[in-house]
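> what shape does this take:
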Amino acid sequence: MAELLQPATHEDLGDILSNAARNGSRLRIRGGGSKDAIGAPTPDVPTLDMQGFAGVVDYDPPELVLTARAATPLVEIERLVASEGQMLAFEPFDHGPILGNRDRKATIGGIVAAGVAGPRRLSGGGTRDHVLGFEAASGDGTYFKAGSKVVKNVTGFDLSKLIAGSWGRLVALTQVTLKVLPEPEVRQSLVLRGLDPKAAIEVMAQALGSPAGVAAAAHLPGWEGKPATLFRVEGFENSVMDRVNTLRSQINDKGSIELLADGVGDSLWDDIRHVALLPPEQPLWRVVTAPGRAPSLLNALHQADWFWDWAGGLTWVSSEMDPGELRDAVAATGGHATLIRGDVETRTGNPAFHPPAAAVAAMESSIRRAFDPAQVFEFGRF
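Below is the predicted model:
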């Protein structure tokens, strides 16, 4: 069994990392473990368990700012901000159920490190747009802070945006400060049925360009037996109903648009957010490409199950298709594909992240060496 290292203080963490750097050791950072099954299996690598860095440090609802240690469970933070009528506007989610683990163990540090965002990213921005600051240790054990607890911070480099989505390859996060927003008073979901993929992309683009202020848009090719193009409008009640009517008038030439009951709409968006609409036994891919090119990608996906989020910018694909063939098809559209779920053989033989161009790979390597000169975090997962 691989060694388990459990720092409880910044000093412990610094000592562990500096020792690893001196000894040429590799370490796997682990928070809640909800995303352990993403990337190549590395069972023999010592684990840096960050559970000692848990708990909310400060929450100031009037200022819309929350600071929490990295291992604080996402569910705990969502419960806390909801009690004040607020939310994490980038709509993060727990990968556990996607990967066969129903326990909700995702941590806020893992959410930031993986840049996890749900359907509301379309209007609310991504994870990196809501990270105001963080504290972390680099690969050589140096502890540092970046950003601040104010939204308008222009001091130094904006490292928060670099850390979000770095997947633990740059630093070991110990604390994050996030911007939160008020929860909408009302949400309304609408569905337009029967559109083919090309028409769905066009109508979603039309809706986003309208004054309706669409918060989320998705397309399901087989919901209740036929294609369904979905829109979500949210805000104050009077404003929402006005904007729903605006949206109806903007796209009424595309077909009859139906207002979903609150429970139905909320449940459906939750399924979209947690990718619960695809077969759980097949490899799962997260494909990001320009919405206008998304329909052409479908022609190359042989008998794949799929749906669109982010108005077509994000395609979730469940398929047994050859990984190289799938990635070639995605690359032809100018996009990239991340392997989220697969068996051990698939994950071992195929990198989780889409192979970057040579220049991009060189730049990424240079950045990683700046934060992790001894390659402590390069343990083979990616």
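> so for the residue nearest the centre of the chain, what's the pLDDT?
In the chain, the residue lying closest to the centroid (Cα atoms, centre = their mean) is V116, at 1.7 Å. V116 is assigned 97 on the pLDDT scale.
> equivalent analysis for G156, please.
54.
> R79 and L88, how far apart?
Using Cβ to Cβ, to the nearest Å, R79 is found at 11 Å from L88. Glycine gets a C-beta too; all of them are placed from N, C-alpha and C.
> whoops, D262 was the one
Per Cβ to Cβ, D262 is found 21 Å from L88.
> of those two, give the one with the bigger neighbour count.
L88 (24 against 12; other Cβ atoms under 10 Å).
> give the contact list for the more buried one.
Contacts for L88 (Cβ atoms under 8 Å, 6 or more residues apart in numbering) come out as 77-78, 81, 130, 178, 180.
> which two in those residues are spaced the farthest apart?
Maximum pairwise distance among the contacts of L88 (Cβ to Cβ): 13.4 Å, between E78 and H130.
> so which of the two has more stuff around it?
For E78 versus H130, neighbours defined as other Cβ under 10 Å are more numerous around H130 (23 against 18).
> got the contact list for the closest residue in space to the more buried one that isn't next to it in sequence?
The shortest distance from H130 to any non-neighbouring residue, by Cβ to Cβ, 6 or more residues apart in numbering, is to K179 (4.8 Å). K179 makes contact with 64-65, 89, 130-132, 151, according to Cβ under 8 Å, 6+ apart.
> over to L277?
220, 223, 271, 307, 316.
> I figured the residue nearest to the centre of the chain was touching E91, is that so?
No. Contact criterion Cβ atoms under 8 Å: V116 and E91 do not qualify, at 9.1 Å.
> which SSE is R381 in?
With secondary structure defined by DSSP states H and E, R381 is part of neither a helix nor a strand.
> where does it land on pLDDT?
At R381, pLDDT is 94.
> please, which helix or strand holds the closest residue to it other than its chain neighbours?
Leaving out its chain neighbours, the residue that sits closest to R381 by Cβ to Cβ, 6+ apart is G39, at 3.9 Å. Following DSSP H and E, one finds G39 outside all helices and strands.
> between the contacts of L277, which is nearest A137?
W316 (34.0 Å).
> report all helices and strands that the helix or strand hosting that closest one contacts.
For W316, the element it lies in under DSSP H and E is strand 314-318. Other helices and strands packing on strand 314-318, by 3 or more Cβ pairs under 8 Å, 6 or more residues apart in numbering; DSSP states H and E, are strand 284-288, strand 305-309.
> what about G31, distance to G194?
G31 sits 43 Å away from G194, going by Cβ to Cβ.
> A71 belongs to a strand, doesn't it?
No. Per DSSP: H, G, I helix; E, B strand; the rest coil, A71 lies outside any strand segment and is coil.
> count the residues that sit near it.
A71 sits with 22 neighbouring residues when counted by other Cβ under 10 Å.
> residues touching it, list them.
Counting by Cβ under 8 Å, 6+ apart, the residues that A71 touches are 31-32, 50-54, 107, 109.
> list just the nearest of these to D15.
Ranked by distance to D15 (Cβ to Cβ), the contacts of A71 are led by G52 at 13.2 Å.
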